[in-house]
Every structure is written in C-alpha cells, then in structure tokens.
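A.B. asks: okay, sequence plus prediction incoming.
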Amino acid sequence: MSLSSHLEQLKKKHSTLSDQVEAAQRAPGTQDLHIAELKKEKLRLKEEITRLSS
C-alpha cells in the first residue's frame with residue numbers, strides 16, 4: 001500500500017469517527033466514557049496523519 005492511499009484511509013476513518021462523536025454527543029443516554037474513547041481514537045488517527053504527512 002502506498003503512503004498516499006494509507007493517508008486517505010486514515011482520513012476516511014478520522015471523518016467517520018468525527019461523525020460518530022457528533023452523533024453520540026447528540027444522542028441522549030450515550031455514556032461519556034464511550035464518547036471519550038471515540039475522541040481518543042480520533043486524536044490518535046489525527047496524530048498519525050500529521051506524522052505521516054510531514
């Protein structure tokens with residue numbers, strides 16, 4: 001897999017997680033722990049994208 005295709009996959013995952021975080025925050029009864037886990041994974045992906053882009 002080339003670096004550019006790997007970056008595109010990471011960006012798609014990041015976008016999907018962003019949508020999931022927004023939906024979880026709007027949904028009543030969503031546990032804060034679940035939202036925090038989604039945010040941590042989103043941040044991890046963002047850091048990897050940044051690292052690979054530089």
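C.D. replies: Sure, I can see it.
A.B. asks: need the longest helix for the protein.
C.D. replies: If you go by DSSP state H, the chain has its longest helix at helix 3-26.
A.B. asks: other SSEs contacting it?
C.D. replies: helix 32-53 (3 or more C-beta pairs under 8 Å, 6 or more residues apart in numbering; DSSP states H and E). Where C-beta positions appear, they are placed from N, C-alpha and C, glycine not excepted.
A.B. asks: quick one: work out the angle between the longest helix of the chain and helix 32-53.
C.D. replies: Orientation check (axes from the mean of the first three to the mean of the last three C-alpha atoms, to 10 degrees): helix 3-26 against helix 32-53 gives 160 degrees.
A.B. asks: for Gln20, see how far away the closest residue in space to Ser18 that isn't next to it in sequence is.
C.D. replies: Spatial nearest neighbour of Ser18, chain neighbours left out: Lys42 (6.3 Å); criterion: C-beta to C-beta, 6 or more residues apart in numbering. Lys42 is 9 Å from Gln20, where distance means C-beta to C-beta, to the nearest Å.
A.B. asks: and Ala27, its phi and psi?
C.D. replies: phi -80, psi 130 (degrees, to the nearest 10).
A.B. asks: what count of nearby residues applies to it?
C.D. replies: 10 (other C-beta atoms under 10 Å).
A.B. asks: and the pLDDT for the residue nearest the centre of the chain?
C.D. replies: Compute the mean C-alpha point of the chain, and by C-alpha atoms, centre = their mean the closest residue is Lys42, 2.7 Å away. Looking at Lys42, its pLDDT stands at 97.
A.B. asks: also Met1?
C.D. replies: 77.
A.B. asks: before I go, just wanted to say thanks for your time.
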